[in-house]
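A.B. asks: Predicted model and sequence follow; I will ask about them next.
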Amino acid sequence: MTTLDIPELALVALVGVSGSGKSTFARRHFLPSQVLSSDMFRAMVADDENDQSASTDAFEALHHVAATRLRRGRLTVVDATNLQPHARAALVRVAREHDVLPVAVVLDVPEALAWERTQGRADRTFGRQVLARMQRDLRRSYGLLAREGFRKVHVLRGVEEIDAARIRYEKLFNDRRELTGPFDVVGDVHGCREELESLLLRLGWQLCRDDAGRPVDAVHPAGRTAVFVGDLVDRGPDSPGVLRLVMGMVAAGHAICVPGNHEQKLLRKLRGRDVRLTHGLAETMAQLDAEDPAFVAQVATFVDGLVSHYVLDGGRLVVAHAGLKEAYQGRASGRVRAFALFGETTGETDEYGLPVRYPWARDYRGSAMVVYGHTPTPEPEWVNNTICIDTGCVFGGKLTALRYPEKELVSVDAVKEWYAPVRPLVTAPARPDTVLDLADVTGRRHIQHAYGTLTVPAENAAAALEVMSRFAVDPGRLVWLPPTMAPCSTSTVDGFLEHPAQAFEDYRTAGVDRVVCEEKHMGSRAVVLVEREHGGVVHTRTGRPFFGAPLDSELLARVRAAVTSAGLWAELGTDALLLDCELLPWSAKAGGLIREQYAGVGAAGRAALPAVLGTLDAAAARGLPVAQLRERMAARHAEVEGYSAAYRAYVAPTDGLRGVTLAPFAVLAGAGVSFADRDHGWHLDLADRLCAADPEFFTPTRRQVVDPADPSAVAAATEWWLALTSAGGEGMVVKPYAGPAARSARGSLLQPGIKCRGREYLRIIYGPGYTDPAQLAALRRRSLGRKRGLALREHALGLAALDAFAERAPLWRRHELVFAILACESEPVDPRL
Amino acid sequence: MLLTLTTTHRPATDLGYLLVKHPDRVQSFDLPAGVAHVFYPEADDARCTAALLLDIDPQRLGAGRGRGRKQAATPESFTLGQYVNDRAYAASSLLSSALSSVFRSALRGESRDRPELAGTAIPLEVRVPVLRCRGGADLAVRLFTPLGWTVTATPVPLDEQHPDWGDSRYVDLLLTGTLRVADALNHLYVLLPVLDDAKHYWVAPDEIDKLLRAGAGWLADHPERGLITRRYLAHRRALAGQALARLAELRLADEPPADDSVDEAAPTQQRDGARASLAVRRREAVLSALAASGASRVLDLGCGGGALLTALAADRRYAEIVGTDVSTHALTLAARRLRLDRLPERQRDRIRLWQSALTYRDDRLRGWDAAVLMEVIEHVDPPRLPALEDAVLGHARPGTVVVTTPNAEYNVRYEGLGAGRFRHADHRFEWTRAEFAEWVTRVADTYGYTAVLSGVGDDDPEVGSPTQMAVLTSTDKAWKEETTR
């Protein structure tokens, strides 16, 4: 029985004459979806699998599908004769373009058998001489396959061997997804053995020494694994000592190691190649000269066996010396290895004669964290989920390790500058991942996050792009946008469209046993990101700067002072806070809207209806039967007065910040932490403390905690709501007490809040006369499903955005989530809800 | 919603015959938008008033407006307008429709009982207590006075509790004059919706006939006929053009088409010749800078409605032209202006329109000969400018970049532009020449460009030209090799 070893990800070319049994072989060993057959593609483009005139188009389509599959990391088998070099060259090219190994499997059967099979098929009409030519091509192919670039060539001769063959998949060397850590990833050591020992000790490792007292292994009591990013050698004082320790750790299974460019060069030197002794190699060679030749041989074997990069922890972590772009992760080819060892260069050199490196990390959009070294920097910086941890120990910097999955950096200072750098270590630009790409946000997008998945239609993204790019604040400071909020189910209480009974009922049926009713302030939503020292941003619910430059800074200063005096920085251990607030009065921000839209309607109504009533009174005085009409018009007059009173309640004089107050009701996040899991008692308590710190500027939020199943509590809260709304209040928002991230018993996210708006307030939403029984009856047919769905989707995105902010996720990812919230807002929903 | 018509002709109650509505009855008519009631608050020999009260049913208004279309993602704009509006209170096209259905024969000047009186001018008084008057009370005077009315248009205050808010857009309209009832009604039928100027009703071609019928005998000679026609036909240019042409035939006079100088759309924006020609001169300056650069593949970044694109498309030296804008609406306008769907394939293939935002990198914009940022940067918030610089000069890296922007120093030369005000409501900044030069020098240094600054428009000795321009040329070696090859 012949076993064919095939890499898990490969392009397999079946090679054989017509009638050699390729399709049967493919069917037996591979999934139908893995097999791309030329016959099938001819049929696909020409409705006839034997139409040779369609071959060019058919192969073009086949190569396209093969390329797509390989890009997506799927094993692909090409079932075609593949007898001619040009046909195979195209396949090798497709494989190489995707850094996948091409494999050939040759099926060689006697020509007579092939002819018999061919004749047995009604649709094969070519003559014997064609088969004979194929047979000649096959013979010729034998010598060519390996040279053409096929990394493995399996030949099966005769029917028996073909029938008995078995496929065995082999993992790529770089695939160590089964290792889940935890890991301590160590940066470029460059012969700094002393610092490496200190670092390992600081990380909690215990060193094992040989008789001579030299460290030859290390063990971590918590079972951690060390990962070395390469460049163990050169420039430093004790490259052999570093190698001895790392080789010991690797051999004992306590560490894994990828090679750096310095190891690669060392190996070439050890193999006797002509290599210039520059960049510290001379020091290493001198140090190795003092070692036992057997050790030197071990070093060569060790370095030779190193794999250029590793994919670890289920694909969540990638380690390579110079980093690795997403398309190369888990792939094998010369250029993948070159990238891993040297990075990508622009082909230019800088003023020190060193190659200019292409900033691949800036464009990185992969989900795997990439940890690498190679380029010394004073401080490691996260760039799009990648981090370079070479902190130039040998140049007098420090030796750094990254704890994974904790994402914690641990460093020890260099003992001294062991080697003078050619160019000074420069700090990367302060915020290198501020660059956003249009491809991060446009087109139809599928967004996966911890709270679900979401599809953003392309036209919604296009609409959001306009708002975001023209009006929104810097994406770096746009952490979160408030989700839309659904109203309670429509009330059947006489005269009411919304009523607390329904709000409580909605949560009671969702299985929530404790809710908080928060007074709904009628102002403008304001999201405040305030930083401890200075800076921050205040924006509207669509991400626009709130008032504009000087006033926003003034507002931030006021908030900052209150947070400071309430002692929240230290208490919450943060130097930034994200507050969800309502800014009052409504007229402060919406004065123009009130005058342009709301007041005009009131003015027209207040002028028209008295004139109408006067005319009708005159008609009545003449004895005309207009009593009913007059009554109706008098009702309309009362409605328009009610409407006017409703908007007037939210108008108050302001001048700059004078007269403006802020009502915070949630403390959403701090630096490195999301508070979405805290209950609303906690959130409101912090809000109260801000109010206490600056009672003039902050407005407290009145509230009631209610068990929605307790009739007396519900009745009391209803009374409370009636009192609030009859005094001109907008209404209330009912929220699960457990907090923004509250989930139902079944584990699904709950609506984070349900609004219940006052009867008078709704006149400015539904029109002055909506309380007219006929209108009310029609409005009760309103449908809430769409609004609720939207509210929940936006809420889930918002939670994900808060997590992303807390995790310091790459900007493109944070922006993608916030952008999606805005895109959701362009869904057509009844604006009155 | 209310209109009263009074006469002091004796016997005044003859008004009932002219309107075909008995002064002692209250009559109601069911109309598409609600119920119209006609009654007489006063009716004696000396004075008789007919009242038309239109009781609008907001539910019928809201229905069938067919506004299911997607709105732009601007939740802060006022989307509630279709539910919370003045239509139930103010005179509008709805009142016109009511007039025409309720007083049909009176509008035609027919009267079975008083045919002579129908043809006679009698003293009349019309009151519309709430009329939205777009363009101000003065426009009501301009529209009604030439027709023989004495006009009193009293502005309605916006909110008596907030006197500082001033007047609303509504007036209480009182017209007095001696006219035929039919003429009075036709004037109202046409001019009430014209003053209201809400564009919410569908205008079909037969509206032209309705307009000409109601305007017979007075519209053709009305000094504001251009404005009346455009507004009546809800600003639909093609229809208004046809209607004006037919009006001209009626007058048998060959006057140039009505000029736009009274364009009510922007009463505050003077559209004087100098500024219009500045746009042309700016375009010419940009075009000659592009031509001088030798570019053949060009980007117009922030192309808007495509004013520059049409010029580029007309010039064969440009083999590929891309217009980008963040507004899909602007791109639709540009496509229409370029007549993209009607161009021959070979022509059309030269031109592409893409949605793109200048604060995001866009790979499609890499590797072009030249890019134009004409009156674009001032629409970007200053803190976002670095993102634009990176996206355009760092990432797209065209060989030549032509930038124009207003010269803030020149603003003092614009009458009516207050100190510290910008030329356009969406401008986020306007720079002095020194500020622009500083920015240009910095970005050119940062991204490897050389820059030449100039001005567009008359060079004022004190404040410079109204528009400033910079041409940045890449110092990229690779770039130069590319272009000389």
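C.D. replies: Perfect, I can see it now. Not measured: the values here are computed from a predicted model.
A.B. asks: how's the chain carved up into domains?
C.D. replies: By default, I'm working from chain A. A:3-170, A:175-413, A:440-487+A:784-833, A:488-521+A:705-782, A:523-585+A:660-700, A:587-648 (automatic domain parsing).
A.B. asks: nope, chain B please
C.D. replies: Split into domains by automatic domain parsing, chain B comes to B:2-69+B:76-201, B:273-484.
A.B. asks: ok, back up a step: out of the domains of chain A, which is closest to B:Ala234?
C.D. replies: domain A:587-648 (20.5 Å; Cβ to Cβ). All C-beta atoms are positioned from the backbone trio N, CA, C, and that covers glycine.
A.B. asks: that older thread, now tabulate the domains of chain B in a markdown table and tack on mean neighbour count and distance to chain A.
C.D. replies: What follows is the domains of chain B, written out as a markdown table (neighbours: other Cβ atoms under 10 Å in any protein chain shown; distance: least, Cβ to the nearest Cβ, whole Å):
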| stretch | mean neighbour count | distance to chain A |
| --- | --- | --- |
| domain B:2-69+B:76-201 | 19 | 3 |
| domain B:273-484 | 18 | 4 |
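A.B. asks: Tabulate the ones you listed in TSV, adding columns for distance to A:Glu263 and mean pLDDT.
C.D. replies: Formatted as TSV, the domains of chain B follow (distance: least, Cβ to Cβ, whole Å; pLDDT from 0 to 100):
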stretch	distance to A:Glu263	mean pLDDT
domain B:2-69+B:76-201	59	88
domain B:273-484	33	89
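A.B. asks: now the ones you listed in CSV, with distance to A:Ala327?
C.D. replies: CSV is the format used below for those (distance: least, Cβ to Cβ, whole Å):
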stretch, distance to A:Ala327
domain B:2-69+B:76-201, 41
domain B:273-484, 15
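A.B. asks: Relative to A:Glu60, which of these is closest?
C.D. replies: That would be domain B:273-484 among the domains of chain B, by Cβ to Cβ, at 22.5 Å.
A.B. asks: What is the distance between that closest one and the centre of its chain?
C.D. replies: 26 Å (Cα atoms, centre = their mean, to the nearest Å).
A.B. asks: one step back: can you lay out the domains of chain A as TSV showing distance to chain B, mean neighbour count and mean pLDDT?
C.D. replies: Shown next, in TSV, are those (distance: least, Cβ to the nearest Cβ, whole Å; neighbours: other Cβ atoms under 10 Å in any protein chain shown; pLDDT from 0 to 100):
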stretch	distance to chain B	mean neighbour count	mean pLDDT
domain A:3-170	17	17	93
domain A:175-413	9	19	92
domain A:440-487+A:784-833	4	21	91
domain A:488-521+A:705-782	5	19	93
domain A:523-585+A:660-700	6	19	95
domain A:587-648	3	19	93
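A.B. asks: export those to TSV and tack on distance to B:Glu116?
C.D. replies: Compiled in TSV, those are given as follows (distance: least, Cβ to Cβ, whole Å):
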stretch	distance to B:Glu116
domain A:3-170	85
domain A:175-413	86
domain A:440-487+A:784-833	55
domain A:488-521+A:705-782	45
domain A:523-585+A:660-700	63
domain A:587-648	28
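A.B. asks: Which among those domains is found nearest to B:Asn186?
C.D. replies: The nearest among the domains of chain A, by Cβ to Cβ, is domain A:587-648 at 23.2 Å.
A.B. asks: can you give me how far that closest one is from the chain middle?
C.D. replies: Distance, centroid of domain A:587-648 to centroid of chain: 54 Å (Cα atoms, centre = their mean).
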